[in-house]
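Chemist: Provided below are the primary sequence and the corresponding predicted coordinates.
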Amino acid sequence: MKAIFLTKTGAAKNAFEQRETPIPEPKAGEVLVKVQGFGLNFADVMARKGQYQDAPPLPSILGYDVCGFIESVGADVKHLSKGNRVAGMTRFGGYAEYAVLDARACVKINDSMNSAEATALATQYCTAYYSAAEVVNLHKGDKVLIHAAAGGVGTALVQYCKHKGCEIFGTAGSEAKLKLLKENGVHHPINYTTEQFDEQILKLTDGKGVDVIFDSIGASYFKKGIKVLAAGGRIVGFGAADMSDAGNIFVTLKRGLGFGIYHPAEFLMSSKALIGVNMLRIADNKPEVLQRCFENVIRMYNEKVFQPVTGKIFKVSEIADAHEYLEMRKSIGKIAVEW
C-alpha cells in the first residue's frame, strides 16, 4: 500500500515522502479500514516539528483519524463487518491507504458524510464531548470561554455549549472568524490579536469572570485564564498551540514559563480546578470511555446538535500544503486529505 511517511522534522515541504509499505493486519478486537480520507490535527503539526513527545520515531506514519470502508475484521469484533463505511481514531498510521483501528474507536457513518465531517466527529467532536460532558458538567447559564473557537474542537465546543444554554465567550484571530463565531452562536467574540481577552472577560462579566475555560493554546493564555476564572471554575486544557512556533530552546522555555508556577493550595483556597485532556491516553487506557463518547457524538450528530464544518479537503499530493494551511491557522473547521 501507499503511505505518507514523515521522514524528517521541520518545514512541511521537506518533511514527507510517499512510500510503499505492507498492509497491516487486524488483531483481535481490531478492524482494517481501506482509507478514503484522513484528517489533520494540530498534533500532526507538532509532531512534524519535533515537538510532540508521543509521536513515533522517524520514519513514521502520522494520522489520528480516518474514514473509509472496512476491509476485514479481527476476532471478537461483533458490531462491525466488512463493507461498513466507518469513521474512527487511529493510534498513528492514518496517512495511509489502509489503517488498523481498535473496533471500539470506530463507528458506522452514512455515505453522504464527507471526509472532513467524518474525521472531525472522530477526533475534534470526541475531544469536545469528553471535555465538556465527561470531565465538566455544564449547566444552563454557565459562562464559558472557548479559545480558538473557530477551529475544529472550538466549533464543536461552541455547538455543545449552545445546546446546553451557556453564555459563550470565544476568541479568534481575524474579523472573518469573529463573524463566523457570532453566526455560530458565540455571544461575545473576542479578537485575541487586537484585544486582551482577560481584560475583555472581566469587563463583560462585571469583574466576576467565567465558570469554565476550554484552552487549546496554553502558555500565557493559561496564566491569564486563571485570573478570570470564577470561584468553582475549571480550566480544561487540551493543547498547547502557542508552543508550536517557539523556534528555539530559549523561546520555548520562556513560553513554557508563561504557564506560571502554582501550588495545589492555591486551587484549594480559590476552589478552582485544572483538568488536562489527552485523548491518546484515554484511548490507550480507557477505550470504553472513548467508545461511549463516540457513540454520543454520533447520536448528537443525528439529532443535528453537532454539525461539523468542513475547512478544506486536500489531495494526498498536497500533504505539505495541507500542513502549512493548518499551521498558519487559516482554517475554519476540519481539514482532511483524500486518496
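Modeler: Cool, the structure landed. Residues are numbered from 1 along each chain as shown.
Chemist: in terms of helices and strands, where is Ala320?
Modeler: Using DSSP states H and E, Ala320 maps to helix 319-327.
Chemist: quick one: mean pLDDT for the following helix or strand past that helix?
Modeler: The helix or strand immediately downstream of helix 319-327 is strand 334-338, counting by DSSP H and E. The average pLDDT within strand 334-338 is 95.
Chemist: what strands line up against strand 334-338, and which way round?
Modeler: Here strand 334-338 is paired, per DSSP bridges, with strand 30-39 (antiparallel), strand 310-315 (parallel).
Chemist: contact partners for the nearest residue to Cys67 once chain neighbours are set aside?
Modeler: Once flanking residues are discounted, Cys67 sits nearest to Ala118: 3.7 Å by CB to CB, 6 or more residues apart in numbering. To be clear about C-beta, it is placed using only N, CA and C from the backbone, and glycine gets the same treatment. By CB atoms under 8 Å, 6 or more residues apart in numbering, Ala118 lies in contact with 37, 67, 87, 109.
Chemist: so the second one is in contact with Asn84, correct?
Modeler: No - Cys67 lies out of contact with Asn84 (CB atoms under 8 Å); the separation is 11.2 Å.
Chemist: comparing these two, which residue is more hemmed in?
Modeler: Cys67 (29 against 17; other CB atoms under 10 Å).
Chemist: residues touching Thr123, list them.
Modeler: By CB under 8 Å, 6+ apart, the neighbours of Thr123 are 39, 41, 64-65, 89, 152, 279.
Chemist: repeat for Tyr95
Modeler: 3-5, 38, 61-63, 319, 337.
Chemist: name the nearest of those relative to Ala11.
Modeler: Ile319 (12.7 Å; CB to CB).
Chemist: give me the neighbour count for that closest one.
Modeler: For Ile319, the count of nearby residues is 24 (other CB under 10 Å).
Chemist: on that earlier part again, turn the contacts of Thr123 into JSON lines, columns for pLDDT, neighbour count and distance to Phe306.
Modeler: Listed next are the contacts of Thr123 as JSON lines, based on pLDDT from 0 to 100; neighbours: other CB atoms under 10 Å; distance: CB to CB, whole Å:
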{"residue": "Gly39", "pLDDT": "97", "neighbour count": "30", "distance to Phe306": "15"}
{"residue": "Asn41", "pLDDT": "92", "neighbour count": "26", "distance to Phe306": "17"}
{"residue": "Tyr64", "pLDDT": "93", "neighbour count": "25", "distance to Phe306": "18"}
{"residue": "Asp65", "pLDDT": "96", "neighbour count": "28", "distance to Phe306": "15"}
{"residue": "Met89", "pLDDT": "94", "neighbour count": "27", "distance to Phe306": "16"}
{"residue": "Gly152", "pLDDT": "86", "neighbour count": "30", "distance to Phe306": "12"}
{"residue": "Met279", "pLDDT": "90", "neighbour count": "22", "distance to Phe306": "17"}
